[in-house]
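K.L.:
just coords:
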């Protein structure tokens, strides 16, 4: 297992787990500046695990475990479901921007255009969500035109 940091991937050795299979030999979790560890400095704001209290280390290990669990859940979810959820998020973003007083038309336009791009590219691969998302795009576009017309009047 590894942890992404702004300085790059950092292997994490969790209780004897071998983060990378190296022919049966366990791999230690390297940290910058120590023998056998990468020479690159730790990213700013990233404390060395060796400098942490047991409580802080336990918190970091819990966060790493939670991130790993989230990755397992994402890996087990069909991509179509995740893409449809993100397209729904673009719908919500556009709707919120249109509901502001005054409406944020350029912001809503960006969200609508992004949703159109996603839906046009993959709607036929999203199963039952494809037609629903196409209808949602049409609703947003109609609402946008109506609100823009009202503002111009």
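P.N.:
Noted; the coordinates are in hand. As the structure is a prediction and not an experimental result, all values here were calculated from the model.
K.L.:
going forward, measure contacts between C-alpha atoms and count neighbours the same way
P.N.:
Fine.
K.L.:
how close does residue 137 sit to residue 149?
P.N.:
Distance from residue 137 to residue 149, counting by C-alpha to C-alpha, to the nearest Å: 18 Å.
K.L.:
of those two, which one has the most company?
P.N.:
residue 137 (23 against 10; other C-alpha atoms under 10 Å).
K.L.:
quick one: contacts for the more buried one?
P.N.:
The contact partners of residue 137, by C-alpha atoms under 8 Å, 6 or more residues apart in numbering, come to 91, 112, 115-116.
K.L.:
give me that answer again for 10 Å
P.N.:
87-88, 90-91, 94, 112-113, 115-116, 119-120, 131, 143 (C-alpha atoms under 10 Å, 6 or more residues apart in numbering).
K.L.:
what's the answer for residue 94, then?
P.N.:
Applying C-alpha under 10 Å, 6+ apart, the residues near residue 94 are 88, 104-115, 137, 140-141, 144.
K.L.:
show me where this protein has strands.
P.N.:
2-5, 8-11 (DSSP state E).
K.L.:
comparing the ones you listed by mean pLDDT, which bottoms out?
P.N.:
Among these, strand 2-5 has the lowest mean pLDDT, at a mean of 66.
K.L.:
quick check: buried residues in the longest helix along the chain?
P.N.:
In the chain, taking DSSP state H as the definition, the longest helix is helix 129-152. Using 16 or more other C-alpha atoms under 10 Å as the burial criterion, the residues of helix 129-152 that qualify are 129-130, 133, 136-137, 140-141, 144, 147.
K.L.:
dump those residues to JSON lines, plus pLDDT and distance to residue 75.
P.N.:
Below are the buried residues of helix 129-152 laid out as JSON lines (pLDDT from 0 to 100; distance: C-alpha to C-alpha, whole Å):
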{"residue": "129", "pLDDT": "95", "distance to residue 75": "20"}
{"residue": "130", "pLDDT": "96", "distance to residue 75": "21"}
{"residue": "133", "pLDDT": "97", "distance to residue 75": "23"}
{"residue": "136", "pLDDT": "97", "distance to residue 75": "27"}
{"residue": "137", "pLDDT": "97", "distance to residue 75": "28"}
{"residue": "140", "pLDDT": "97", "distance to residue 75": "31"}
{"residue": "141", "pLDDT": "97", "distance to residue 75": "33"}
{"residue": "144", "pLDDT": "97", "distance to residue 75": "36"}
{"residue": "147", "pLDDT": "97", "distance to residue 75": "40"}
